[in-house]
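A.B. asks: Just need the structure, nothing else, for what follows:
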Amino acid sequence: MKKTLIASAIAAATFSGSALAMESASELAARMDSMPSVYGNIQYVVYHSDVKGGENGIEHADNGSTIGVKHDHEIAPGITGFFKLELEGLAADDKDRESGLEDVDEAYIGVKGDSFGQLWVGSDDSTYESAIDKIANFYEFAAFNLGGSYETGEGDLIQYKTPSFGGLTLGGAVQINGDLDDA
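C.D. replies: Take a look at the predicted model:
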């Protein structure tokens with residue numbers, strides 16, 4: 001009987017310890033899900049140019065390497081707040097460059113909901129630019145511009161995108177430069 005009691009005590013301690021560990025693991029997973037995501041990419045290209053009567057040669061180049069932080073959080077049922085900060089200018093091809101991250105590519109905050117769509121403010125590709133780039137700038141890298149000639153501005157934007165109406169989504173953007181802005 002004593003052996004059975006000791007075995008039962010050991011089994012109870014083992015199961016309660018693993019249950020406690022599982023609870024801690026699920027808490028840890030919930031905390032990890034609530035933290036911002038850090039991401040990045042290195043866009044390293046090697047290209048060759050051979051233009052009759054023009055530039056000829058081979059070159060290594062950075063094609064827009066970035067590092068960023070993004071996050072979203074449910075504010076209320078069906079309403080989510082979000083932000084994104086993406087920095088570019090890593091110059092993956094130039095080890096001797098003295099400066100690091102040089103440019104803000106995207107920096108915005110916003111709110112989205114199932115019933116009202118998405119509204120965000122800050123620096124981002126404009127709605128127009130995003131639509132044109134999907135069509136005109138098919139190639140990720142080209143030594144010359146293949147299309148998509150526009151100057152819509154990417155800073156000081158207020159943008160809105162509707163929810164999907166049977167597959168149709170509408171969007172718009174307005175750039176509001178203040179009196180003290182440079183551009």
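
A.B. asks: what number of residues lie near Glu154?
C.D. replies: Using other CB atoms under 10 Å as the criterion, Glu154 is surrounded by 18 other residues. Heads up, the C-betas are built off the backbone N, CA and C, glycines and all.

A.B. asks: before we move on, which element is it in?
C.D. replies: Under DSSP states H and E, no helix or strand contains Glu154.

A.B. asks: What of Val121?
C.D. replies: With DSSP H and E as the test, Val121 turns up in strand 117-123.

A.B. asks: May I see the buried residues of that strand?
C.D. replies: 117-118, 120, 122-123 (16 or more other CB atoms under 10 Å).

A.B. asks: can I get these in CSV with distance to Gly153?
C.D. replies: Listed next are these as CSV, based on distance: CB to CB, whole Å:
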residue, distance to Gly153
Gly117, 22
Gln118, 20
Trp120, 15
Gly122, 12
Ser123, 9
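
A.B. asks: Out of those, the closest to Gly167 would be?
C.D. replies: Of all the buried residues of strand 117-123, Gly117 has the smallest distance to Gly167: 14.5 Å, by CB to CB.

A.B. asks: Enumerate every residue touching that closest one.
C.D. replies: Contacts here follow CB atoms under 8 Å, 6 or more residues apart in numbering; on that basis Gly117 touches 160-163.

A.B. asks: could you dump those residues to a markdown table with secondary structure, neighbour count and distance to Leu180?
C.D. replies: Listed next are the contacts of Gly117 as a markdown table, based on DSSP: H, G, I helix; E, B strand; the rest coil; neighbours: other CB atoms under 10 Å; distance: CB to CB, whole Å:
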| residue | secondary structure | neighbour count | distance to Leu180 |
| --- | --- | --- | --- |
| Tyr160 | strand | 16 | 25 |
| Lys161 | strand | 18 | 29 |
| Thr162 | coil | 13 | 32 |
| Pro163 | coil | 14 | 35 |
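
A.B. asks: Can you spell out the domain ranges of this protein, please?
C.D. replies: For the chain, the structural domains run 1-35, 36-175, going by automatic domain parsing.

A.B. asks: Kindly report which one of the ones you listed carries the lowest mean pLDDT.
C.D. replies: Across these, domain 1-35 has the smallest mean pLDDT, namely a mean of 66.

A.B. asks: can you give me the helices in this structure?
C.D. replies: Using DSSP state H, the helices of the chain run over 2-33, 127-135.

A.B. asks: so which of the domains of the chain is the most packed in?
C.D. replies: Stretch with highest mean neighbour count among the domains of the chain: domain 36-175 (a mean of 13; mean count of other CB atoms under 10 Å).
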